[in-house]
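Engineer: no sequence on hand, only this structure:
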């Protein structure tokens, strides 16, 4: 009697407890799932999250800890090795660090600041002018030298273009005459031997004309590339020297609108430095140092000799007083 009564009471009691706890358990399970998902997401993206946190820390508390950098990409057309780039990066970072005796950058294979050398129309233009024996400097003398070369190349290009047009016209005229005579003799069941031999010789001559036309076309294309390169450099110098002259035209397809040697990029995906053009070891060093200055949060300065001047026209490998003043201001150093 007692046992039956006990079990008779216990079952309804269990049903009541389970009903009350079900909602709580569901909420608890759901909460734990969210926590585990967040933990899993955080672990999977721990490197990116850490990078974002460090970038924010460097932005709001600059110079407190070194910015780590790594080599992301080196296009082989530059002809520079990773070791050579790292050597230039080491020299570039010391330009800033030695001035305040403080570590500001540090290399790491997985560093947050991604360094890339990207080859495009800008470096191609520089390489083309190097083949002509022209070294670019941001001055009026360079502009005059490149302009003289551009003018002579355009004259040569126009001559070659006219020559090509004449060759094509001659080929088309000879080809039409040949095809007309072939049709004539085919309509008569075949040509006599003398006429047949003449047709064979004319066919061979037409093939030779095609070969010459292709060679002249290739030469013209190469000449056009060189003209485009000089036009790109001229337009760059016009902008940088603030010259009151019209922009120069390229031939064929457009090769690009801007000529910035490098750029510092900061976005939600991270921070990076892309280098597009340099024509000497010193220029590479200077453009790297300039972009590292942007990575520190520095803007452009008005002093033409400053590392942070918007043009890369100086030769000094040390900070100017303006650079140093801006750096100390950013780092909170008296």
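Structural biologist: Yep, that arrived. All of these numbers come straight from a predicted model, not from anything done at the bench.
Engineer: can you pull out the low-pLDDT segments for the chain?
Structural biologist: 1-60, 252-259, 313-314 (pLDDT under 70).
Engineer: give me the domain ranges for it.
Structural biologist: With domains defined by automatic domain parsing, the chain comprises 2-44, 66-119+257-331, 126-241.
Engineer: can you say which of those is packed in most?
Structural biologist: domain 66-119+257-331 (a mean of 17; mean count of other Cβ atoms under 10 Å). Quick note: C-beta positions are derived from backbone N, CA and C, even for glycine.
Engineer: circling back to that earlier point, the domains of the chain: which one's closest to residue 250?
Structural biologist: Counting by Cβ to Cβ, residue 250 lies closest to domain 126-241 out of the domains of the chain; the figure is 4.2 Å.
Engineer: still on that earlier bit, mind putting the domains of the chain in CSV, distance to residue 249 included?
Structural biologist: Shown next, in CSV, are the domains of the chain (distance: least, Cβ to Cβ, whole Å):
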stretch, distance to residue 249
domain 2-44, 52
domain 66-119+257-331, 13
domain 126-241, 6
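Engineer: for residue 248, find the nearest of these.
Structural biologist: So among these, domain 126-241 is nearest, using Cβ to Cβ, at 4.1 Å.
Engineer: out of the domains of the chain, nearest to residue 251?
Structural biologist: That would be domain 126-241 among the domains of the chain, by Cβ to Cβ, at 4.5 Å.
Engineer: tell me where the protein has helices.
Structural biologist: Along the chain, the stretches classed as helices by DSSP state H are 2-44, 46-60, 82-100, 121-131, 140-186, 193-241, 281-295, 321-331.
Engineer: now distance to residue 110 too, for these, in TSV please.
Structural biologist: Listed next are these as TSV, based on distance: least, Cβ to Cβ, whole Å:
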stretch	distance to residue 110
helix 2-44	16
helix 46-60	7
helix 82-100	15
helix 121-131	27
helix 140-186	40
helix 193-241	35
helix 281-295	17
helix 321-331	25
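Engineer: and of those, who's closest to residue 75?
Structural biologist: Once those are compared by Cβ to Cβ, helix 121-131 is nearest, at 8.4 Å.
Engineer: mind listing what the closest residue to residue 228 other than its chain neighbours touches?
Structural biologist: Closest residue to residue 228 apart from its sequence neighbours, by Cβ to Cβ, 6 or more residues apart in numbering: residue 250 at 4.2 Å. Residue 250 makes contact with 227-228, 231-232 under the criterion Cβ atoms under 8 Å, 6 or more residues apart in numbering.
Engineer: between those, which is closest to residue 112?
Structural biologist: Distances from residue 112 to these, taken by Cβ to Cβ, are shortest for residue 232, at 32.9 Å.
Engineer: now do the phi/psi pair for the residue nearest to residue 228.
Structural biologist: phi -100, psi 170 (degrees, to the nearest 10).
Engineer: against residue 167, how distant is it?
Structural biologist: Relative to residue 167, residue 250 is positioned 24 Å away (Cβ to Cβ, to the nearest Å).
Engineer: just to revisit the earlier point, out of the helices of the chain, nearest to residue 260?
Structural biologist: helix 121-131 (8.1 Å).
Engineer: relative to helix 140-186, how tilted is the closest one?
Structural biologist: Put simply, helix 121-131 runs at 90 degrees to helix 140-186, going by axes from the mean of the first three to the mean of the last three Cα atoms, to 10 degrees.
Engineer: helix 121-131 vs helix 193-241, what angle?
Structural biologist: Using the same axes, to 10 degrees, helix 121-131 lies at 110 degrees relative to helix 193-241.
Engineer: how far does helix 121-131 sit from its chain's centre?
Structural biologist: Relative to its chain's centre, helix 121-131 lies at 15 Å (Cα atoms, centre = their mean, to the nearest Å).
Engineer: change the start of the numbering to 236 and stick with it
Structural biologist: Got it, first residue is 236 now, which makes that one helix 356-366.
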